[in-house]
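Trainee: Could you look at this predicted model? Sequence included:
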Amino acid sequence: MPLLMLKDLPRYDCLIQAAGRCHTLQPSATDAFLNLLRTGDDVFAVVARFFSGHDVSQGRFTVLMLLGMECGEPGQPATPATLAEQAGVTRATMTGLIDTLEKDKLVVRVPDVNDRRTIHVRLTRQGRKVLDGMLPDYFQCVADILRPLSEAERKKLVRLLQKVQAGLPAMGAKPSR
């Protein structure tokens, strides 16, 4: 579901007019915020179509990526709790994702050899094959989304978004990472 419910964004001169009635409205901040939401919604829709075409949900893809990319400590087993933390979802949500991935034989739960209370989640060969089959198309989709920006603009965008993210905890928002 989109975060921004406006079909068309207000013109900048309308924001300036509204600022005359509401003194806390900063036209440039509101304009940037609305454009950020609109862009996020549009990007989310493109990526949702990509996942739909590969018959996978964003959540399931996230779990496959967390298990398959091994950007952290290679070979380090992943527990459902660790995966939930890394994905920014509840443990119950992660359990549901793992259940469906396990049903489709893309992951397997393996008991810890030293602690029977601990369960690890690993990609199966089929899970690795599915992930490896999707990644080229996924990364092409990402590249296509950001194609209008130069390398320098992409780096600047990341820095600007990180600045916004850094200010959110002061507002009581929980950071996503």
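Mentor: Great, that's in hand.
Trainee: and the longest helix belonging to the chain, which residues are buried?
Mentor: Ranked by residue count under DSSP state H, the longest helix found in the chain is helix 27-53. For helix 27-53, burial by neighbour count (16 or more other CB atoms under 10 Å) applies to Pro27, Thr30, Asp31, Leu37, Arg38, Asp41, Val47, Phe50, Phe51. Using the backbone N, CA and C atoms, a C-beta is placed for each residue, glycine as well.
Trainee: Would you mind listing the residues in contact with the second one?
Mentor: With CB atoms under 8 Å, 6 or more residues apart in numbering as the criterion, the residues that contact Thr30 are Leu15.
Trainee: Next: the third one.
Mentor: For Asp31, the contact set (CB under 8 Å, 6+ apart) comprises Leu9, Tyr12, Leu15.
Trainee: rerun that using 6 Å as the cut-off
Mentor: When contacts are counted by CB atoms under 6 Å, 6 or more residues apart in numbering, Asp31 is found next to Tyr12, Leu15.
Trainee: Distance of it relative to Gly167?
Mentor: Look at Asp31 and Gly167: by CB to CB, to the nearest Å, they are 18 Å apart.
Trainee: Tell me which stretches of this protein form helices.
Mentor: 12-21, 27-53, 58-69, 80-87, 91-103, 125-145, 151-167.
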